[in-house]
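Q: 3D, please:
(one chain, ligands or ions: 1)
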Amino acid sequence: MSEECKACSSRTCSSAEKKPPMNAVPANHDDNSGVGKAMSGIRHKIVVLSGKGGVGKSTVAAALAWRFSANGHKVGLLDTDIHGPSIPVIFGLHDEKPAFENERIIPVEIGDLKIISTAFFLKSRTDSVIWRGPMKAGIIKQFLQDVEWGELDYLIIDSPPGTGDEPLSVCQMIPDADGAVVVTTPQNLSTADVHRSIDFCRKLKFPILGIVENMSGFICPHCGKNTEIFKTGGGRRMAELETVPFLGAIPMNLSLMASCDDGRGFAGMGADAAGVFDEIMGNLEKNIQKRRQQK
Ligand code: ADP
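A: Next comes the predicted model:
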């Protein structure tokens, strides 16, 4: 019987010898020099955060990567959401496995977009990850230092939600990050968590590039009437209160949801949806430039 592949556990996997295991070993937070070296070809690193799950953080991260790429930039998308990796679902990449070359992980490519997700390293779609904090930090560090991104204009990092161990690892380990985009929905229950995300960034001295309000009203495709399902304006108010930039509001969009749910990504998105994300991308680019000039 042939040996079990260390990466996918299959005995029939043809590339067993080529795949080093993803090592769930505690990370050494003090030495991030390997991460800096591995990311030296990436001009801009943007972390997408949210105070809680389900507010559309992964959708926003994926959509920003899509728009940056559609606008001619070289883009990578790194999904570090260990317990709920959604990026492969959005792009229909469930069955993809990244290649390994010279002990480096080669991202999966869809069009010009390079993608790495925790999900690529799980045995199956329903496999759960049950690791303690230091192990998760170890995996995040491997993602940051062992992936062969090459030269990129933008790396968008979909962080786990909340203000716990994993977002802490992501923000602490990335050297020279441009900063965080914080995603929220408009209602008070969600915006209260934004305070925590902003406080988290401030305590870490991690720059805040701005707030995105997702699920901001719903325009009925039949009658055109706008219904404020989760109210609107909470994200903008929060940005004013916290004196951080407001990047834009994304309405609820049925075709966006269906397309991401079916794994079709954003290919069929009309000009309206693209326009909403382009406005956010434009504001983000302006804020990044402003911050660089202030340095
Ligand atoms: P999170 O990463 O914050 O947990 P997701 O990005 O996975 O959230 O989104 C949760 C669900 O909400 C998904 O089914 C996604 O397609 C849907 N969704 C996100 N944003 C929108 C939107 N603007 N309109 C419609 N559905 C959305």
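Q: okay, CA-based contacts and neighbour counts for the rest of this
A: Noted.
Q: average pLDDT for stretch 122-133?
A: When pLDDT is averaged over stretch 122-133, the result is 64.
Q: Tell me the secondary structure at P221.
A: coil (DSSP: H, G, I helix; E, B strand; the rest coil).
Q: try V244
A: coil.
Q: Report the contact partners of it.
A: Applying Cα atoms under 8 Å, 6 or more residues apart in numbering, we find V244 in contact with 208-211.
Q: isn't there a helix covering I157?
A: No: counting by three-state DSSP, I157 is located in no helix; its state is strand.
Q: doesn't H44 make contact with it?
A: No: the criterion here is Cα atoms under 8 Å, and I157 misses it with H44 at 10.7 Å.
Q: on that earlier part again, show me which of the contacts of V244 are buried.
A: Neighbour-count burial (16 or more other Cα atoms under 10 Å) applied to these gives 208-211.
Q: Let me have the contacts of V244 in CSV, extended by distance to the ligand, pLDDT and secondary structure.
A: Putting the contacts of V244 into CSV (distance: Cα to the nearest ligand atom, whole Å; pLDDT from 0 to 100; DSSP: H, G, I helix; E, B strand; the rest coil) gives the following:
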residue, distance to the ligand, pLDDT, secondary structure
I208, 18, 96, strand
L209, 18, 97, strand
G210, 16, 97, strand
I211, 14, 97, strand
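Q: number of nearby residues for the residue in the stretch 151-295 of the chain that the ligand sits nearest to?
A: As assessed by Cα to the nearest ligand atom, the ligand sits closest to M252 within the stretch 151-295 of the chain, at 3.4 Å. Neighbour count for M252, taken as other Cα atoms under 10 Å: 19.
Q: I'd like to know which residues of the stretch 151-295 of the chain are adjacent to the ligand.
A: The stretch 151-295 of the chain comes close to the ligand at residues 214-215, 250-254, 256-257, 260-261, as judged by Cα under 6 Å from any ligand atom.
Q: Would you state the strands of the chain in chain order?
A: Secondary structure of the chain by DSSP state E: the strands cover 42-50, 75-79, 99-101, 104-106, 108-110, 113-117, 152-158, 179-184, 208-219, 226-227, 246-252.
Q: So the second one, near the ligand or not?
A: Think strand 75-79. No: Strand 75-79 lies out of reach of the ligand by Cα under 6 Å from any ligand atom, never closer than 9.9 Å.
Q: Not counting that strand itself, show me its contacts.
A: Strand 75-79 is contacted from outside by 61-62, 65, 68-69, 85-87, 112-118, 149, 152-159, using Cα under 8 Å, 6+ apart.
Q: Can you tell me the strand partners of that strand and which way each runs?
A: Partners of strand 75-79 in the sheet, by DSSP bridges, are strand 113-117 (parallel), strand 152-158 (parallel).
Q: Could you dump those into a markdown table and include mean neighbour count?
A: Compiled in a markdown table, these are given as follows (neighbours: other Cα atoms under 10 Å):
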| stretch | mean neighbour count |
| --- | --- |
| strand 113-117 | 23 |
| strand 152-158 | 23 |
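Q: Among the residues of the stretch 151-295 of the chain next to the ligand, which one lies nearest to G282?
A: Taking Cα to Cα as the measure, G282 lies nearest I250 of those, at 14.3 Å.
Q: List the residues that contact the residue lying closest to that closest one once chain neighbours are set aside.
A: Closest residue to I250 apart from its sequence neighbours, by Cα to Cα, 6 or more residues apart in numbering: N214 at 4.7 Å. Listed by Cα under 8 Å, 6+ apart, the contact set of N214 reads 55-56, 183-186, 249-252.
Q: Distance-wise, check D165 relative to D193.
A: Using Cα to Cα, to the nearest Å, D165 is found at 16 Å from D193.
Q: between the two, which one's more packed in?
A: Neighbours per residue (other Cα under 10 Å) separate D165 from D193, with D193 holding more: 17 against 14.
Q: Correct me if wrong: the more buried one contacts G51.
A: Yes: with contacts counted by Cα under 8 Å, D193 reaches G51, the gap being 4.6 Å.
Q: residues in contact with the residue positioned nearest the centre of the chain?
A: Taking Cα atoms, centre = their mean as the criterion, D158 is the residue nearest the geometric centre of the chain, at 1.6 Å. Applying Cα under 8 Å, 6+ apart, we find D158 in contact with 47-49, 57-58, 61, 77-81.
Q: Dump the residues you listed into JSON lines; add pLDDT, distance to V170 and neighbour count as well.
A: JSON lines is the format used below for these (pLDDT from 0 to 100; distance: Cα to Cα, whole Å; neighbours: other Cα atoms under 10 Å):
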{"residue": "V47", "pLDDT": "97", "distance to V170": "8", "neighbour count": "24"}
{"residue": "V48", "pLDDT": "97", "distance to V170": "10", "neighbour count": "27"}
{"residue": "L49", "pLDDT": "96", "distance to V170": "10", "neighbour count": "29"}
{"residue": "K57", "pLDDT": "96", "distance to V170": "15", "neighbour count": "27"}
{"residue": "S58", "pLDDT": "96", "distance to V170": "15", "neighbour count": "27"}
{"residue": "A61", "pLDDT": "97", "distance to V170": "15", "neighbour count": "24"}
{"residue": "L77", "pLDDT": "97", "distance to V170": "14", "neighbour count": "26"}
{"residue": "L78", "pLDDT": "96", "distance to V170": "11", "neighbour count": "24"}
{"residue": "D79", "pLDDT": "95", "distance to V170": "11", "neighbour count": "28"}
{"residue": "T80", "pLDDT": "91", "distance to V170": "8", "neighbour count": "27"}
{"residue": "D81", "pLDDT": "86", "distance to V170": "10", "neighbour count": "22"}
